[in-house]
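# fold the following, please.
(4 chains)
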Protein chains: 2
Amino acid sequence: MRARHITVVEVARHAGVSLATVSRVINGTAVVSPDKRQQVEQAMLALKFQPDPMAQGLRRGQTNAVALLVGDIAQRHFAQLTQHVQAALESQGNDLLLFNLGHQQKRLEDFLERALRMKLRAVVVATTDTLTRPVFEAARKLLSDGIKVISLGQDLTRQGIPSVVHEEHQATRGSVTHLVSLGHQSIAYVGRIRGSAIGSARFAGYRDAMRKANRFDPALVWDMSFRYAAGYESVAKALAEGREFSALQAGSDEIALGAIAALHDRGLAVPKDVAVVGFGDIDLAGFVRPALTTLSSSPLQAADHLAQLVRDDSPTLPEDPPCILLPRQLIVRASSGQ
Amino acid sequence: MRARHITVVEVARHAGVSLATVSRVINGTAVVSPDKRQQVEQAMLALKFQPDPMAQGLRRGQTNAVALLVGDIAQRHFAQLTQHVQAALESQGNDLLLFNLGHQQKRLEDFLERALRMKLRAVVVATTDTLTRPVFEAARKLLSDGIKVISLGQDLTRQGIPSVVHEEHQATRGSVTHLVSLGHQSIAYVGRIRGSAIGSARFAGYRDAMRKANRFDPALVWDMSFRYAAGYESVAKALAEGREFSALQAGSDEIALGAIAALHDRGLAVPKDVAVVGFGDIDLAGFVRPALTTLSSSPLQAADHLAQLVRDDSPTLPEDPPCILLPRQLIVRASSGQ
DNA sequence: CTGAAAGCGCTTACAG
DNA sequence: CTGAAAGCGCTTACAG
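Model (predicted):
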């Protein structure tokens, strides 16, 4: 059933040269006389030759696959990231191996162990979760084996891992300061996600801005579980408990949307009764009503920087890995009023 | 830099057996005496041996990777599908190679050509787009080369491709009939996406229901480009033109959300002035206000069926490939009234 | 049940 | 600039 494919042997025969010469033409790895080169190229065309990636990989000790480990592809943010990372990698000839972590640390660890044998070109870790020791150890093993590990989303340079990150702390500090300047006194924070490094950073920005305004109140900080439902439940619970607040900073757009639903169900209007600011600017943000004020992201730029790091063949294991920082901007829409 | 890995040679030496025996233990492909088996297993453990997937792949002529080609990972529906497909494949030991088509036919074609050399375990095509001849030809080449091709989303069994699909036509026919029974006379359809096989089927269901009710009016059918923005623009344009309608069936939830924003911006209330029904039941559907009435999907079941087809080693190239049909249900929420 | 040997399709020293 | 040969790490007839 399985057809026999054209190999370098056939090409060499057809072109009247040796295997080595064919290989040199394929890889452009050594000088080949113009006429032989042409014969080989014609033979490849005539026979519709395509090199076998497995064989190349085995021999070179390297595939052209990059693994992307995402926190949870079901989250808008990660889906967007995946989209752009795939595009950026493809444009430089790399395939994308996708691994959905579902926020499970153990899965990350297991994959990293396995990655050691896969001869990947790079492993990209895109998770917001706080990482633990075993993960770092597995990553170090990869690194010392010459396999690139890159962090997308959180700064892991202290672990020797090049990172592409967005502003987090400054972002919420800025947006909350904006809410304060609008006259809000009681501003709640919904979504200080437990176990999330990024979530903590966003929360810290909020906290610092509130402290500066002398308005920080731990009772207005709500943890929660997961996305829409979490945003909804947190706010529903707070309202049931009689908490008072005139504004709300969410840890993500999805949480913000859930929060808005909860406010709505209690008869509270956004932004009239409660102003809401999300985080991340998912594509839907501009299409809900009221449109969602939020903090921007740059998944496209992030993916481009990442691709550059993947391509970059600078000496492995630099003591001082690069950290690329992407800014965020407050995108003011109707949900925050004024 | 790159460390030398443990190979079968070391394991064989350590266990005092031949390479062949080690291989047999790894693969469980032939009977090995209990004592030798144990020695090998101990050696593998002691040396922390992990087989090299590239070498195995080259020798066997088969990887354990499955390619998933999705219409557009930025769309909720595809992101969810990807999540479940990855999980299902992983549980059977397969890696996922993700390819985002961005709805570009040419990319599908190119990838299919390339897949021929990749020795993939299967290629899963998950797109709603109407496919063209060159794509089918490339698929046939894969099929005849013994590589599984599976369609996720549209019925391609006539092309010899096993398919896992959802009801489309019946779904909109049912939901529109429901709207009719609620007393609606003018029901618009937004999102008969050009070039989308699935979009056409959904539209046909609407059309048939409207015809049956003697209410079909082509002026109430609006094509559009892309997701939220499209839903918004279509409806905004229709309203500006003075079209009258009391209900609206959308081709997707995202389109429905965009449509609702447009209605809102014209001062129309949902469902009081216009009832809205979406399609797909994305996770957000229950968390917008009013909550979105929509047609359910079963990405989890779809992924499971798919995984089964991937695993299934029945004779290649059956003349009559299976078509697995998943039902949809109308999920009634606030946006459709009553 | 077991081992020696060939071979999957390439690339890369090595020698010329 | 070119070719013959070795070898990447496995698996699989083949012979016993």
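# host element of the nearest residue to residue A:262 once chain neighbours are set aside?
Nearest residue to residue A:262, sequence neighbours excluded (C-beta to C-beta, 6 or more residues apart in numbering or on different chains): residue A:235, at 3.8 Å. (Glycine included, C-beta is placed from N, CA and C.) Here residue A:235 sits within helix A:227-240, counting by DSSP states H and E.
# could you do residue A:290 as well?
Counting by DSSP H and E, residue A:290 is found in no helix or strand.
# just checking, it touches residue A:278?
No - assessed by C-beta atoms under 8 Å, residue A:290 is found out of contact with residue A:278, at 11.4 Å.
# each with direction, which strands does the helix or strand that the helix holding residue A:235 is followed by pair with?
Sequence order places strand A:247-250 as the next helix or strand after helix A:227-240, per DSSP H and E. Note on strand A:247-250: by DSSP bridges, its sheet partners are strand A:187-190 (parallel), strand A:275-277 (parallel).
# I'd like to know which of those is closest to DNA strand C.
Closest approach to DNA strand C among those (C-beta to the nearest atom of the strand): strand A:275-277, 52.7 Å.
# which of the residues in the closest one are buried?
A:275-277 (16 or more other C-beta atoms under 10 Å in any protein chain shown).
# helices or strands next to the helix or strand following it in the packing?
Later in the chain than strand A:275-277, the nearest helix or strand by DSSP H and E is strand A:294-295. Packing contacts for strand A:294-295, counted by 3 or more C-beta pairs under 8 Å, 6 or more residues apart in numbering or on different chains; DSSP states H and E, involve helix A:169-181, strand A:330-331.
# who wins for proximity to residue B:26 among these?
helix A:169-181 (49.6 Å; C-beta to C-beta).
# quick one: list the elements packing against the closest one.
Against helix A:169-181 (3+ C-beta pairs under 8 Å, 6+ apart) you get strand A:187-190, helix A:197-212, strand A:247-250, strand A:275-277, strand A:294-295, strand A:330-331.
# what is the orientation angle of it with helix A:197-212?
40 degrees (axes from the mean of the first three to the mean of the last three C-alpha atoms, to 10 degrees).
# C-alpha coordinates for helix A:169-181, CSV please?
C-alpha atoms of helix A:169-181 as CSV (Å, rounded to 0.1, in the frame of the first residue of the first chain):
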residue,chain,number,x,y,z
HIS,A,169,2.2,45.3,37.3
GLN,A,170,2.5,48.6,35.6
ALA,A,171,-0.6,47.9,33.6
THR,A,172,-3.1,47.4,36.4
ARG,A,173,-1.3,50.1,38.4
GLY,A,174,-2.1,52.4,35.5
SER,A,175,-5.6,51.4,35.0
VAL,A,176,-6.5,51.5,38.6
THR,A,177,-4.9,54.9,39.0
HIS,A,178,-7.1,55.9,36.1
LEU,A,179,-10.2,54.7,37.9
VAL,A,180,-9.1,56.6,41.0
SER,A,181,-8.7,59.7,39.0
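# any idea of the pLDDT on the residue in the stretch 151-300 of chain A positioned nearest to DNA strand D?
Per C-beta to the nearest atom of the strand, residue A:160 is where the stretch 151-300 of chain A lies closest to DNA strand D, at 25.0 Å. Note for residue A:160: predicted pLDDT of 93.
# my guess is it meets residue A:321, correct?
Yes - when contacts are counted by C-beta under 8 Å, residue A:160 is listed as touching residue A:321 (5.8 Å).
# where do the strands sit along chain A?
For chain A, strands defined by DSSP state E occupy the ranges A:65-70, A:95-100, A:122-126, A:148-152, A:163-166, A:187-190, A:221-222, A:247-250, A:275-277, A:294-295, A:323-326, A:330-331.
# of those, which shows the lowest average pLDDT?
strand A:221-222 - the lowest mean pLDDT of the strands of chain A, at a mean of 86.
# who does that one touch, helix- and strand-wise?
So strand A:221-222, by 3+ C-beta pairs under 8 Å, 6+ apart, packs with strand A:187-190, helix A:227-240.
# so what strands line up beside it?
Counting by DSSP bridges, strand A:221-222 is paired with strand A:187-190 (parallel).
# show the contacting residues for the nearest residue to residue A:250 once chain neighbours are set aside.
Distances taken as C-beta to C-beta, 6+ apart place residue A:256 nearest to residue A:250, at 3.7 Å, with adjacent residues excluded. The contact partners of residue A:256, taken as C-beta atoms under 8 Å, 6 or more residues apart in numbering or on different chains, are A:190, A:231, A:248, A:250, A:276-279, A:292, A:294, A:335.
# what residue ranges in chain A score low on pLDDT?
A:1-3, A:223-226, A:314-318 (pLDDT under 70).
# one more pass at 90, please.
A:1-5, A:28-32, A:103, A:116, A:144-146, A:191-195, A:221-230, A:312-320, A:338 (pLDDT under 90).
# need the residues of it near DNA strand C, please.
A:4-9, A:19-20, A:22-24, A:26-27, A:29, A:49, A:51-52, A:55-56, A:58-60 (C-beta under 7 Å from any atom of the strand).
# and the residue of the stretch 101-250 of chain A nearest DNA strand C?
For the stretch 101-250 of chain A, C-beta to the nearest atom of the strand, closest residue to DNA strand C: residue A:119, 12.5 Å.
# most proximal residue of the stretch 101-250 of chain A with respect to DNA strand D?
residue A:117 (7.6 Å).
# then the stretch 51-200 of chain A?
For the stretch 51-200 of chain A, the residue closest to DNA strand D is residue A:59, as judged by C-beta to the nearest atom of the strand, at 3.6 Å.
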